[in-house]
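Participant: This is the structure alone, sequence omitted:
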């Protein structure tokens, strides 16, 4: 009986040990060479997308996509690999003026990286050209690559439940279950 009760905590500990290793290497950061701010409808937005594993190592041989959305209208384009490792190029045209959101699906773990929405001007407007944003514009972090706190919390609760079951079983079985000799009669 005792061996059977110890199996549950051992399994929980094994899950705790394996879970972080299974998640290791599972996130990428995405940066853009420019934003579409200042563009007018019908003008192509050419953007280089930099995808780095853990924010450091360039990722190659991916198939990232760039998606733009305004209301129910959505356009998705595939970014093509450039000669620079980890850099992909996409070109998209905003078909009408208005407020547009845009996002990149990284093609690594297919995480969607969102960016702040922009206003696209009308065709032929004198909208300023997109301002350079430096070498890399990154979205607000949505995944730090750190521990999965939900998984760790659930495992800790399971371990506490196993300990409680073991304690209740020992109390139910009496002093002999705790390794104490029964009192003489």
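Facilitator: In hand now; what should we look at? The shown structure was predicted, so the numbers you read here are calculated from the model rather than taken from an experiment.
Participant: now this protein, which segments are flagged as low pLDDT?
Facilitator: 1-25, 124-153, 174-185 (pLDDT under 70).
Participant: Walk me through the domains of it.
Facilitator: 2-24+147-178, 28-120 (automatic domain parsing).
Participant: Save those as TSV, and put in mean neighbour count too.
Facilitator: For glycine as for every other residue, the C-beta is placed from the backbone atoms N, C-alpha and C. Formatted as TSV, these follow (neighbours: other CB atoms under 10 Å):
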stretch	mean neighbour count
domain 2-24+147-178	12
domain 28-120	17
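Participant: ok, which stretches of the chain are strands?
Facilitator: 28-32, 44-53, 57-58, 65-70, 73-78, 80-81, 87-93, 98-105, 112-120 (DSSP state E).
Participant: the longest helix in this structure is where?
Facilitator: helix 149-173 (DSSP state H).
Participant: Name the nearest residue to residue 67, sequence neighbours excluded.
Facilitator: Distances taken as CB to CB, 6 or more residues apart in numbering place residue 76 nearest to residue 67, at 4.6 Å, with adjacent residues excluded.
Participant: any idea how far the one you found lies from residue 56?
Facilitator: From residue 76 across to residue 56, the span is 28 Å (CB to CB, to the nearest Å).
Participant: can you check residue 161 too?
Facilitator: 39 Å.
Participant: again, but for residue 108
Facilitator: Taking CB to CB, one finds residue 108 at 13 Å from residue 56.
Participant: again, but for residue 45
Facilitator: 27 Å.
Participant: just residue 117 next, same as before
Facilitator: Computed as CB to CB, the residue 117 to residue 56 distance reads 29 Å.
Participant: All good on my end, thank you.
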